[in-house]
Every structure is written in structure tokens, then in C-alpha cells.
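# no FASTA, just this:
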């Protein structure tokens, strides 16, 4: 294969996955399936119920060693106190690279509400945990001493922390989080390239609906920035909820675009540029204390490994529920 073609295929894979093999828990759109705690530690215990969420994501069905992600998260208030705890387990595999992690979270919620019709809550959260990185080199071509390839399964375990805040006021909210605050070298000895995994996340949104209507609508934005590489992206989201006797049904659409272009060579030798563009429809149902959601991501770039095949399922269970405390359209809290 010509060097130019190798470069094009490599670039396509990087753009379509949009994550590094050593960055901790990847950020997809699973936070929109009633799972904001997965990316914002300050959302631990913010709801009136304790929550358990399981997610499974599979990319590129039919391809060997395609990226796979499994997560399990749980969070709850500590009794009737303003404090909350949570935990996250995840495993992420992408070809020869894999990573597994475990985080514990403490969150504290400051209530400024005067009455139950007036939601006004400021929350802080801190997560701390370990991430184990692995690189399987046992099948790499190896015919002599090489300073980069050892021909073994390399492994390294690093400690890191996430810190964030959330603010809910009536039907509106915002979240801000710094993920991977500490530097992690992973399995790469060149720490000048891989040590800074810091990522900044900022979310804002609101829920709207007519008084007495069973329908409500939630537009939101989520901005993320990778400190080490300078890459940024923006999620533009829209969801709709329909209240039912058994709970609710809901659906939505998320559009993710990178704010930075990547250059590549065309077959004619010209230099072109493209940005990551993903469209993700979401459907879900809350049936009593259970929740189920499905998302499918379509990649609309012209140069990609494959356009589709990004499936994700989420199962959830709510327990120890208190009565809805606030007269607001705020599904993440009530």
C-alpha cells in the first residue's frame, strides 16, 4: 500500500473514533440517556432517586478488534443529607489498546430554594480513581531489537481525578467539569506527547413545555476541549419527552462537530481538510423504576473507516426514590 493511502486510512480511523487510546473514559453521547453523572461528577445524587446505569457501545460491526466500551455507574444521596456518593467502572478496547478504570465520587449539593416551587441548587463533585492502560504487542511484526516494540503486553496503572460543578435554577441547568486533572504517562514512555490528558467539559440547557401539557422539550449544548492537543468539539442536542401513565417516552437528536479541521491528501495529491461530524438519534423509555435507551451514531465525513455501525444501549434502574421535590420540568433532578 502506498504511503499516501496508509496516511489516509490512519487519519480516517482517528477521525471516526475521535478519542485517544489513553484518555480515560471516552466522551460519547451516552450522557443524554439520563446519565449526566457519567461525565459530570457533580451530578452524583442530584436526582430524587438513586440510579444505576449500564451502557454497552459497539462500533463497526463485522470488523475485527473494533472499538468496544462498557460502563457501569451508580450514584445516590447519603440519606437525607446534602452529600452524595457515586462510582463508575469502565472498560474500553480499541484494537491493540485497551483501558479499564474505576472511580469513586463525592458530591455536595447546596440548596438555595425558598419553596418546593423554586429549584435553586449548586452542586460540587470530585471523582478519584485508577486507570489501567494496556498495549498488546504480541502480534506485532518483530525481527530484531527495537526501542519502541517489545513484543509483550505493556501495562501501566495511573491515578487521576475529575472535578466539576452543576447549577440548577428552575427549568435550566449548567455543568462544568475538568477531567483527568493530573498527568498520566500511560504505556508510552514519551510523556511529552501523552501525559496531558486534561479535558474541559461545559454543558448548558433547559426544559420547556406548556403548563398542563404532557409534552416537554429540552435543547442543550455540550462543549469539550482537549488541553494536550488543543482539539475542541461542540454537541448540539434536542430532546422531547411525553409523560405517560407508566412513566415517560422520549427521543432526541444530537449533532457533534469538531471545531478544528484535519488535513489529508486526496488521490490527486491535493491537500484537503475536513471536520468530524456525527449525527446521533436517541430513543428511550422510563417504565416505572426502569429505563432503557438506544443510540445510533452516523458519521457524515467524506473520509471515514465506515459511516455507520455505532450502536449503544443503556439500561437503568432507579431506587430509594423520594417524592418529586420541585415544581419544575427538570428530568435530571425530579
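That came in fine, so what should we check first? Note that the coordinates shown come from a computational prediction; the quantities given were computed from them, not determined experimentally.
# Just give the nearest non-adjacent residue to residue 244, would you?
Among residues not flanking residue 244 along the chain, residue 214 sits closest, at 7.8 Å (CB to CB, 6 or more residues apart in numbering). From N, CA and C alone the C-beta is placed, and that goes for glycine too.
# right, and the one you found touches residue 247 too?
No. Counting by CB atoms under 8 Å, residue 214 stays clear of residue 247, with 11.8 Å between them.
# For those two, work out which one has more neighbours and name it.
Between residue 214 and residue 247, counted using other CB atoms under 10 Å, residue 247 has the larger neighbour count: 15 against 11.
# Identify the bridge partners of the more buried one.
Applying DSSP bridges to residue 247 gives these bridge partners: residue 287.
# try the one 4 residues further on
Taking DSSP bridges, one obtains residue 240, residue 283 as the residues bridged to residue 251.
# Return the distance of it relative to residue 242.
Counting by CB to CB, to the nearest Å, the gap from residue 251 to residue 242 is 9 Å.
# ok, those two, which is more surrounded?
residue 251 (16 against 13).
# so what's the more buried one up against?
239, 240, 281, 282, 283, 284 (CB atoms under 8 Å, 6 or more residues apart in numbering).
# any idea which of these has the most stuff around it?
residue 282 (23 neighbours).
# Let me know whether that residue touches residue 297 as I believe.
No. Residue 282 is beyond contact range of residue 297, at 9.9 Å (criterion: CB under 8 Å).
# Common neighbours of these two, please.
Common neighbours of residue 282 and residue 297 (criterion: CB under 8 Å, 6+ apart): residue 29.
# Helix or strand: which one has residue 212?
For residue 212, there is no host helix or strand (DSSP states H and E).
# What count of nearby residues applies to it?
5.
# Sketch out the low-pLDDT regions of the stretch 51-200 of the chain for me.
60-65, 116, 141-151, 188-194 (pLDDT under 70).
# Strands of that one, start to end?
68-77, 83-94, 97-111, 120-136, 153-169, 172-179, 199-206 (DSSP state E, counting those that start in this stretch).
# Could you give me the buried positions within the second one?
This points to strand 83-94. 84, 85, 86, 87, 88, 90, 92, 93, 94 (16 or more other CB atoms under 10 Å).
# which ones are touching the third one?
Counting by CB under 8 Å, 6+ apart, residue 86 makes contact with 37, 41, 44-45, 73-76, 104-105, 107, 125, 127.
# Could you single out the nearest of the residues you listed to residue 56?
Nearest to residue 56, judged by CB to CB, of the contacts of residue 86 is residue 73 at 12.9 Å.
# partners of the closest one in the sheet?
residue 53, residue 88.
# Ok, residue 100 next?
Bridge pairing for residue 100 - DSSP bridges - gives residue 91, residue 132.
# quick one: it and residue 125, what's the gap?
22 Å.
# and the nearest residue to residue 199 once chain neighbours are set aside, what is it in contact with?
Among residues not flanking residue 199 along the chain, residue 179 sits closest, at 4.5 Å (CB to CB, 6+ apart). Residues in contact with residue 179, defined by CB under 8 Å, 6+ apart, are 24, 25, 39, 162, 197, 198, 199, 200, 201.
# 10 Å instead, please
Counting by CB atoms under 10 Å, 6 or more residues apart in numbering, residue 179 touches 23-25, 27, 39-41, 127, 160-164, 197-201, 224, 226-227.
# just to revisit the earlier point, now which of the contacts of residue 86 would you call buried?
37, 41, 44, 45, 73, 74, 75, 76, 105, 107, 125, 127.
# hang on, the earlier thing: can you list phi and psi of the residue nearest to residue 244 for me?
Residue 214 adopts backbone torsions of phi -90, psi 0, taken as degrees, to the nearest 10.
# Correct me if wrong: it contacts residue 240.
No. Contact status for residue 214 versus residue 240: not in contact, 11.0 Å apart, counting by CB atoms under 10 Å.
# ok, now how distant is the closest residue to residue 250 other than its chain neighbours from residue 334?
Distance criterion CB to CB, 6+ apart; nearest residue to residue 250, sequence neighbours excluded, is residue 241 at 4.5 Å. Applying CB to CB, the value for residue 241 to residue 334 is 12 Å.
# In terms of neighbours, single out the busier of those two.
residue 241 (21 against 16).
# Quick check: that one touching residue 330?
No. Checked against CB under 10 Å, the pair residue 241 and residue 330 is beyond contact range at 11.1 Å.
# what is in contact with those two at once?
With CB under 10 Å, 6+ apart as the test, residue 241 and residue 330 both reach 207, 216, 218.
# Please tabulate those residues in a markdown table, including the columns distance to residue 53 and secondary structure.
A markdown table is the format used below for the shared contacts of residue 241 and residue 330 (distance: CB to CB, whole Å; DSSP: H, G, I helix; E, B strand; the rest coil):
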| residue | distance to residue 53 | secondary structure |
| --- | --- | --- |
| 207 | 20 | coil |
| 216 | 21 | strand |
| 218 | 18 | strand |
